[in-house]
Every structure is written in structure tokens, then in C-alpha cells.
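Chemist: Give me the fold of what follows.
(2 chains)
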There are 2 protein chains.
Amino acid sequence: MDFPDRLAAAVAAAGSPLCVGLDPRVEHGDDTLDFCLAITEATAPYAAAFKPNLAFFECRGAAGWADLEALCGAIRATGRLLVLDGKRGDIGSTADRYAESLFDTLAGDAATVAPYMGTDSIAPFLTRAGRCAFVLVATSNPGASDLQTLDVDGEPLYRHTARMAAAAGAGAAGTVGFVVGGTRPALLRELREEHPHVPFLVPGVGAQGGSTDEVVAANAGGPMLVNASRSILYASEGPDFAAAAGRAAAQLSEELAA
Amino acid sequence: MDFPDRLAAAVAAAGSPLCVGLDPRVEHGDDTLDFCLAITEATAPYAAAFKPNLAFFECRGAAGWADLEALCGAIRATGRLLVLDGKRGDIGSTADRYAESLFDTLAGDAATVAPYMGTDSIAPFLTRAGRCAFVLVATSNPGASDLQTLDVDGEPLYRHTARMAAAAGAGAAGTVGFVVGGTRPALLRELREEHPHVPFLVPGVGAQGGSTDEVVAANAGGPMLVNASRSILYASEGPDFAAAAGRAAAQLSEELAA
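Modeler: I've put the predicted structure just below:
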């Protein structure tokens, strides 16, 4: 199966395109793995995918990386998709190593990839059937307006980035996706119209303020994962955090399915 | 001391701006650390800095990350600068964690940073006095022409990226540098003219084909590190690899000092 088919199956199994982002606060320290495993277990019924954020593990060094490996194993065991969020990108020979790390060593189903270095920095992530590289196209943070919306030939840069990424994956069906922030639905709609079959990974709903209704409408039924992190992970600060995360995931899942 | 002063001191101590890139082939396996330590010891007399490439360690998982930690300790013990090449970049709260990983956990003096997500993805790398974020501006790979040279208001995108990065660091002296490929000296010269005091990290000489004479001339005496990786690491494929690396580093160092 190519990645869009696998995505459709995962969304059908979960009943919604919810992706649970695992960005555990550093204060968890040596309890980070246990925290993430509890969140994964509580939210798996409602999640099509899980997205560990590599920064939050690698800031704890080799011990954090070992936790990441264990967490990836547990996520794969749920049968949901594993999206590795590291935003890697480098010259071809180095990108080969990142792809090996993300798709082979950690066995991710998808990974986020940075586009600034161009086609040869993306291509090494497109060589594995059934896997997907979500290329940063239009992000949800304030700095998105610094480069991404600069005018190039009458269009914002992000549209050129999207076309470059789509072209890089043209020979390998379903291996390219886009990261498109959920805070600006008009922009999501515009990218969806031009790229109806490209999987989108949409961060920025929940804590970052994007509206689920507007995101779903703008996406117009295309292949999509909608990520939420903090609004689920920290739905409760108390010992009932896992149960609260499950309830938050269930509610968001329902909103996204509606 | 701010980073440009530290860079000047390291260049003076080594007698040249040579940076030895540590991109060890995966075939070294469990011998990766020993290989890198031997290269570091043999080339330290001629190198102002060492630049481990994170991809080549993280593709070996937690064991590779432990090797990276040990290597960083050995590089710091040489008194040369430690440049961590991971090209990280993400929203502010995640970039905080990457900065912590690179500058605190691994205690790097500098790190490479990707610019596509804008100012708030760069700012967290600019908060530590004496450290430096080398932001990708104009890279040496073929894909550099996909986005970096697109025309924005009559100038290539990379000039806008450079200004954005310089502005992000304006309040924190010497914390921003640029990655500028050595394969197109005219471009290096143009960026140097506009940014005379910004440290440049220049890859692309040696195996990638850039000319040392042209790079030195184009740089016009500005603060700079010139990176070479494969031409030093694999100067010999035999058991004399460390001695051969030392000779290759000595020769390149002399060319760069001339």
C-alpha cells in the first residue's frame, strides 16, 4: 500500500484524522517515557497517528534517544501511524543518513522534512514505498511570514515550495506530503485546490488556536492528519493526566469527524 | 568573549580557518568513535574547529548518540571550537529544546540552523553569549538553486534570508553566522560585502570542488571557518588513515592561510 492508502486506513480505524503530538515537557525528566506511554495508551482509540517531536527527546542526550526508540516501538504496536517530527534537511549524502535514522532505525511511517536546501535534500526521504516525507510548506508559527510569504513571481514562496516538493515526489506515488499550518484556513484551501491528492499534516489547532471546523472545511476531504499536542498532553496537570488526555482526544476526534 | 573573538583566537591558534567536518561513513559501525577520535587527534594542530555531522551519529540510534557525546567531550578538550551540524529549525518552544541539546547537553560553541520557519525559529539559538548559530543562507549543493536563488524584489531569496538572520541577531552581538557555500565564490563575495562582520561557515571546498584561493579572496578577511570533510577523513583508505588525514589537513590549512 502506498502512504495515502495507509493514511486512509488509519483514519478509518480511528474514526478521525487526529494525530497526537508527543512534545513532553523537560520537567518529566526520567519519567518522560512513562508519561508518553500513558498518553499513547489513553489516546490510541481516537488517534490515526502519533507524532513524537525529536527535540524533546534529544535534549536529554543518549538517554532521551533511548526513550524515543522505546516510544516508537510502543506506537508501532498500536497499529497507528508513526510520524517522526524532526524537520531534517541536508545535502543528499547526509539526508540519506537522516532517512535511514527515521525510516529504518526508528521505523517511522512518515517524517517531517525542511525544504530550504532544495530537491536533493528531499529526494532521499522519498525512496521507501509506503512511507511519506511531510515537507514544510506553510507553517503555523509567527515567523512563517518572514520567508514563506515573500512574493516570487506574483505568488508567495510557499506555493513554489509546494510545487518543488510535489515534483520531487512525482515519480514515487504518495511519498510526498506537506506541512500546512491550521491557523490560516484560506491558505490551506488554496494549497488543497492545487494539490488535491497530497497528504497534509496540519499542526496549529488546539493550543495554537486553529479552528477544527475551518480546517476540515478548507481541506475539502483530501488526505490529512490534524495534529494536536499540548491541548491533549496537558489537558490535566494532575495525576489524572492520562484519562484527561483520552477525553480531550475523544472530543477533538469527534469535532474533526463532524 | 563574543563568538567572533573566540573564532579569531581559534584561527590564530591553528594558523588557518580550517574546520574539520566529521561525517564518518556508516561502515565504521561500532568503530565510529575510535575513527573520529583518531582523526581529531591527528588534525587538531591544523584545525580551528571540528564539525560533527549529527546525521551520521543519529542513524545508529542511542548508541550513535552516546558516541557523539563522547566525541564532543574530546573535541572540547582540544581547545578548538565545536560546531554541531544538525540544521535544526522549528517553532520557538521546540527550537528552545534543540538549543538546549546543542549548546547545553552537547556544549557546542556553534550550531547550524535552518531558516525556512523564520525569525522565531532562529531566536532561541541566539540567547547564549559567546555561542553562534550559523543560519543556512546559500548552500553548496545542487538543490540550492531550487528555492535559495528565486527572485524576490529583484534579489535572490538568500539575500533576504541573510538579512532576516542578521536582524534576528542584531541585539545579541556575534550570535548569528551564515552558512555560505564555497562552490560559488561570487556569491560569497556579495554576502561578505553586505555583512562584513558576520562569521561565515563555508562548506564545499575539497570533495565538493570549491577552490580555496577563490574562497579566501572572496571572503576579503572577514570572520570565517572553511569546512572540509571527506577530503581529510578519507585521504587514505588504509590503516594510515589518521596520518594521511593529518597531512591533508596540514596542506589545506596552509592553502587557506596563504
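
Chemist: Quickly find the element holding A:V135.
Modeler: Assigned by DSSP states H and E, A:V135 belongs to strand A:132-138.

Chemist: after that strand, next one along is what?
Modeler: Criterion used, DSSP H and E; the element after strand A:132-138 is helix A:144-147.

Chemist: if we can go back for a sec, which parts of the strand holding A:V135 are buried?
Modeler: Across strand A:132-138, burial judged by 16 or more other Cβ atoms under 10 Å in any protein chain shown covers A:132-138. (Each C-beta comes from the backbone N, C-alpha and C, glycine too.)

Chemist: Does anything pack onto that strand? Which helices or strands?
Modeler: With contacts taken as 3 or more Cβ pairs under 8 Å, 6 or more residues apart in numbering or on different chains; DSSP states H and E, strand A:132-138 sits against strand A:110-113, helix A:157-168, strand A:176-180, helix A:185-194.

Chemist: mind checking which of those is nearest chain B?
Modeler: helix A:157-168 (5.3 Å; Cβ to the nearest Cβ).

Chemist: Tabulate the CA atom coordinates of the closest one in CSV.
Modeler: The C-alpha atoms that make up helix A:157-168 are tabulated as CSV, following Å, rounded to 0.1, in the frame of the first residue of the first chain:
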residue,chain,number,x,y,z
LEU,A,157,7.2,31.4,-1.8
TYR,A,158,5.3,28.6,-0.1
ARG,A,159,3.4,27.8,-3.3
HIS,A,160,6.8,27.4,-5.1
THR,A,161,8.0,25.2,-2.2
ALA,A,162,4.8,23.0,-2.6
ARG,A,163,5.4,22.6,-6.3
MET,A,164,9.1,21.7,-5.8
ALA,A,165,8.2,19.1,-3.2
ALA,A,166,5.4,17.7,-5.3
ALA,A,167,7.7,17.5,-8.3
ALA,A,168,10.4,15.7,-6.2
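
Chemist: Which other helices and strands does it contact?
Modeler: Counting contacts by 3+ Cβ pairs under 8 Å, 6+ apart, helix A:157-168 is packed against helix A:119-122, strand A:132-138, strand A:176-180, helix A:185-194, helix B:144-147.

Chemist: repeat that for 6 Å
Modeler: Applying 3 or more Cβ pairs under 6 Å, 6 or more residues apart in numbering or on different chains; DSSP states H and E, one finds that helix A:157-168 contacts strand A:132-138.

Chemist: In its sheet, which strands sit next to the strand it packs on, and in what direction?
Modeler: Applying DSSP bridges, strand A:132-138 is found paired with strand A:110-113 (parallel), strand A:176-180 (parallel).

Chemist: so can I have JSON lines of the ones you listed showing mean neighbour count, mean pLDDT and distance to B:I122?
Modeler: Listed next are the strands paired with strand A:132-138 as JSON lines, based on neighbours: other Cβ atoms under 10 Å in any protein chain shown; pLDDT from 0 to 100; distance: least, Cβ to Cβ, whole Å:
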{"stretch": "strand A:110-113", "mean neighbour count": "28", "mean pLDDT": "98", "distance to B:I122": "18"}
{"stretch": "strand A:176-180", "mean neighbour count": "28", "mean pLDDT": "98", "distance to B:I122": "18"}
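
Chemist: Switch these over to CSV; also include distance to B:M224.
Modeler: Compiled in CSV, the strands paired with strand A:132-138 are given as follows (distance: least, Cβ to Cβ, whole Å):
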stretch, distance to B:M224
strand A:110-113, 29
strand A:176-180, 34
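
Chemist: Which one of these lies nearest to B:R88?
Modeler: Evaluated with Cβ to Cβ, the strands paired with strand A:132-138 place strand A:110-113 nearest to B:R88, the distance being 11.9 Å.

Chemist: If you drop the residues flanking it in sequence, what lies closest to A:P223?
Modeler: Distances taken as Cβ to Cβ, 6 or more residues apart in numbering or on different chains place A:P199 nearest to A:P223, at 4.3 Å, with adjacent residues excluded.
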